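Trainee: next come a sequence and a model predicted from it.
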Amino acid sequence: MSLRIKHISDEKDLKDIYKLRYKIYCYEWCFEKPENHPDEIVSDVFDSNALHFAVKDDTQKIVGAVSLILNSPEGFPTEKYCELTINKDEIPRDSIAEVSRLVIHRDYRRRAEDKYIYGPDEERRSIGSFNFSSNYSNNRSYIRRADDKYKHKGSRRSIETYSERRKRHEVVISLYKAMYQESRRRKITHWYAVMTKGVVILLNKFGFIFKEIGDPVDYHGIRTPYMADLGQVEQEIMQEYPELYEELTKGL
């Protein structure tokens, strides 16, 4: 079955994305309460200032989606909900976008991917009972024991070939490819993101390097703020993952 990535602007497709968020956030992972979304969609004020990307299968069903929030008077969720350790004013506002609301249909996820994207139990606990010092580390070589078999930054050995790994995470990488190419066209140089550590580990495996810029917060589950410098990302992918670099830059 082939998958196609698309920049979404059609209202019907946007509603399907919001419904997929509702299904995953409210019922599969319980990040949000269903009663707060009586229309069975999950959307917020940032969606009107975002580019939306979706992966569709052969039946035109949306099986994955992500949003890229652009600069606007509404600002960015990362700045609104997190206390940052960087000087955000050093980067031109129109050069920043925020990666947000990554969702993948359960038929296209594996249990390992669930852990990466939505986090294990400790990342779904309330912030009030969360012990940062015992659960998180500022060490960039952080990795869970359950992930020992996976390749991570600092250890270039892997039991998988690139093509096998690329295929296994096809939906995620296709979405990030679409965001990267659109960012290049719009001269966006930096991405914000508020993610689980697991997503960072997964993205690192393909050269999408995000740096921690604040402490974890309770934002759709326990999440940590990050920033990626797309210039550095390009260099990392070009050097370590030339096949992916060729794919990302083709047509630009």
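Mentor: Sure, I can see it.

Trainee: state the helix or strand in which the residue most central in space within the chain lies.
Mentor: Centroid-nearest residue in the chain, with Cα atoms, centre = their mean: residue 102, separated by 5.1 Å. Counting by DSSP states H and E, the element that carries residue 102 is strand 96-104.

Trainee: mind showing which ranges of this protein have poor pLDDT?
Mentor: Along the chain, segments meeting pLDDT under 70 span 1, 110-159.

Trainee: so which elements touch the longest helix seen in it?
Mentor: Across the chain, the longest stretch assigned as helix under DSSP state H is helix 170-185. Judged by 3 or more Cβ pairs under 8 Å, 6 or more residues apart in numbering; DSSP states H and E, helix 170-185 is in contact with strand 4-8, strand 50-56, strand 62-70, strand 96-104, helix 197-204, helix 230-240, helix 242-249. Quick note: C-beta positions are derived from backbone N, CA and C, even for glycine.

Trainee: give me the helices and strands touching the longest one, please.
Mentor: Packed against helix 230-240 by the contact rule (3+ Cβ pairs under 8 Å, 6+ apart) you find helix 170-185, helix 242-249.

Trainee: tell me which residues in that helix are buried?
Mentor: 230, 233-234, 236-237 (16 or more other Cβ atoms under 10 Å).

Trainee: which one of those residues is nearest residue 107?
Mentor: Taking Cβ to Cβ as the measure, residue 107 lies nearest residue 237 of the buried residues of helix 230-240, at 28.5 Å.

Trainee: any idea how far stretch 60-74 is from the chain center?
Mentor: How far stretch 60-74 lies from its chain's middle: 11 Å, per Cα atoms, centre = their mean, to the nearest Å.

Trainee: stretch 31-38 too?
Mentor: 22 Å.

Trainee: please apply the same query to stretch 43-51.
Mentor: Stretch 43-51 sits 16 Å away from the centroid of its parent chain (Cα atoms, centre = their mean).

Trainee: for it, buried residues please.
Mentor: By 16+ other Cβ under 10 Å, the buried positions in stretch 43-51 come out as 43, 46-47, 49-51.

Trainee: neighbours around the residue nearest to residue 188 when sequence neighbours are not counted, how many?
Mentor: Once flanking residues are discounted, residue 188 sits nearest to residue 97: 4.8 Å by Cβ to Cβ, 6 or more residues apart in numbering. Residues contacting residue 97 under the criterion other Cβ atoms under 10 Å number 26.
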